[in-house]
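Engineer: Next one to model:
(one chain, ligands or ions: 2)
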Amino acid sequence: MSRPLVSIENVDLRYGGEGGTLAVSGLSLAVEKGEFVAVVGPSGCGKSTLMKLVTGLNMPSAGQVSVADEPVTKPVSIVGMAFQNPTMLPWRTTLDNILLPLEIVERHRVRLRAFKADYIAKAETLLATVGLKGFGAKFPWQLSGGMQQRANLCRALIHEPELLMLDEPFGALDAFTREELWCVIRDLHQDSAATGHPVTIVLVTHDLREAVFLADRIFVMSARPGRIIETKTVPFQRPRALDVMYTPEFNGIVHDLRALIAEARVQPAEAV
Ligand SMILES: Nc1ncnc2c1ncn2[C@@H]1O[C@H](COP(=O)(O)OP(=O)(O)O)[C@@H](O)[C@H]1O
Ligand SMILES: [Mg+2]
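Structural biologist: Ligands and ions are numbered 1, 2, ... in the order given. Modelled structure (predicted):
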């Protein structure tokens with residue numbers, strides 16, 4: 001058995017030094033290469049903290065985080081990130097915002113200079129995939145919130161990351177758009193497996209149906225300080241159609257997850 005792509009071992013993270021907020025404690029999980037996992041839990045339990053630990057934006061106070069067999073000691077370059085609030089630079093066009101990660105990561109910067117036209121074509125293909133064909137020349141402030149979130153997703157995908165970290169990326173979207181983008185992500189995951197370069201996806205969401213529709217496994221976190229209290233395996237075959245959401249089995253899993261989180265919410269937090 002190969003080593004997991006992402007491994008978090010017995011991690012604590014306290015913000016603000018001694019006496020500060022213990023966000024996660026005794027947090028452990030492993031994600032295999034090519035897996036699609038979701039993380040759910042009560043609000044404020046440490047989900048975003050978990051994402052920042054894996055991407056190297058936060059360092060643990062105790063325990064170990066590793067990605068692709070390397071201990072995480074600085075921001076990880078094989079990762080694409082899309083966070084809840086799209087942070088597009090207002091003075092750059094949508095297209096130039098999407099190309100931004102290529103300018104930041106050293107090994108892409110050289111390629112970007114040499115193959116700029118190819119990358120622009122790729123960005124335009126991504127824009128079309130998320131329903132934003134022809135919007136590349138617009139500035140972020142000319143796009144609606146939902147459109148900015150779609151563009152944000154393109155930015156996470158432009159450098160074809162091996163690991164995609166999505167922190168509530170569909171939060172502000174209407175129900176139909178959200179389902180559309182679920183299918184975009186589902187297909188992206190599926191297609192990558194077919195090409196032999198499987199993308200691994202970690203999705204934080206408060207939408208339990210989203211988690212069950214998309215993920216192979218779902219980690220449920222306790223209230224703060226967060227740790228994993230349950231791991232659920234989703235039994236549905238791939239490819240999955242949206243129809244699966246109207247089956248009793250699907251609703252049964254959503255129901256179980258809801259009960260676990262409701263229970264976690266009312267449990268008193270451990271002494272901090
Ligand atoms: N930079 C920070 N400084 C201090 N406390 C923080 C910081 N970021 C998050 N927290 C606190 O850590 C806890 C977990 O936060 P977070 O990981 O954002 O939770 P979630 O994403 O599950 O809602 C919360 O109590 C939050 O207020
Ligand atoms: Mg969060």
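Engineer: CA atoms for contacts and neighbours, from now on please.
Structural biologist: Will do.
Engineer: what about the residue nearest the centre of the chain, helix or strand, and which?
Structural biologist: The chain has residue 166 as the residue nearest its centroid, 1.7 Å off, counting by C-alpha atoms, centre = their mean. In this structure, residue 166 is located in strand 163-167 according to DSSP states H and E.
Engineer: Regarding the nearest residue to residue 60 once chain neighbours are set aside, what are the backbone dihedral angles?
Structural biologist: In space, and not counting its chain neighbours, residue 60 is closest to residue 13: 5.0 Å by C-alpha to C-alpha, 6 or more residues apart in numbering. The phi and psi values for residue 13, taken as degrees, to the nearest 10, are phi -140, psi 120.
Engineer: Look up how far ligand 1 lies from residue 13.
Structural biologist: For residue 13, the distance to ligand 1 (C-alpha to the nearest ligand atom, to the nearest Å) stands at 9 Å.
Engineer: Look up which residues are beta-bridged to that residue.
Structural biologist: residue 24 (DSSP bridges).
Engineer: and it, what pLDDT?
Structural biologist: Here the pLDDT value assigned to residue 13 is 98.
Engineer: That one contacts residue 27, correct?
Structural biologist: No. Taking C-alpha atoms under 8 Å as the definition, residue 13 is not a contact partner of residue 27, at 9.1 Å.
Engineer: any chance you could map the strands in the stretch 1-150 of the chain?
Structural biologist: 6-15, 21-31, 36-40, 62-67, 70-71, 79-82 (DSSP state E, counting those that start in this stretch).
Engineer: same check, this time on the stretch 151-272 of the chain
Structural biologist: Using DSSP E, counting those that start in this stretch, strands in the stretch 151-272 of the chain cover 163-167, 200-204, 217-221, 228-233.
Engineer: Show me where the protein dips below the pLDDT cut-off.
Structural biologist: 1, 268-272 (pLDDT under 70).
Engineer: Now with 50, please.
Structural biologist: 271-272 (pLDDT under 50).
Engineer: which parts of it sit against ligand 1?
Structural biologist: 15, 16, 21, 23, 43, 44, 45, 46, 47, 48, 49 (C-alpha under 6 Å from any ligand atom).
Engineer: Pull the contacting residues for the first one.
Structural biologist: Residues in contact with residue 15 (C-alpha atoms under 8 Å, 6 or more residues apart in numbering) are 21, 22, 23.
Engineer: Using JSON lines, lay out the residues you listed together with neighbour count.
Structural biologist: Shown next, in JSON lines, are those (neighbours: other C-alpha atoms under 10 Å):
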{"residue": "21", "neighbour count": "14"}
{"residue": "22", "neighbour count": "22"}
{"residue": "23", "neighbour count": "22"}
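Engineer: For residue 205, which of the strands of the stretch 1-150 of the chain is the nearest?
Structural biologist: Residue 205 lies closest to strand 36-40 among the strands of the stretch 1-150 of the chain, at 5.8 Å (C-alpha to C-alpha).
Engineer: Spatially nearest residue to residue 64 (excluding sequence neighbours)?
Structural biologist: That would be residue 9: by C-alpha to C-alpha, 6+ apart, it lies 5.2 Å from residue 64.
Engineer: check contacts around that neighbour.
Structural biologist: 26, 27, 28, 29, 63, 64, 65.
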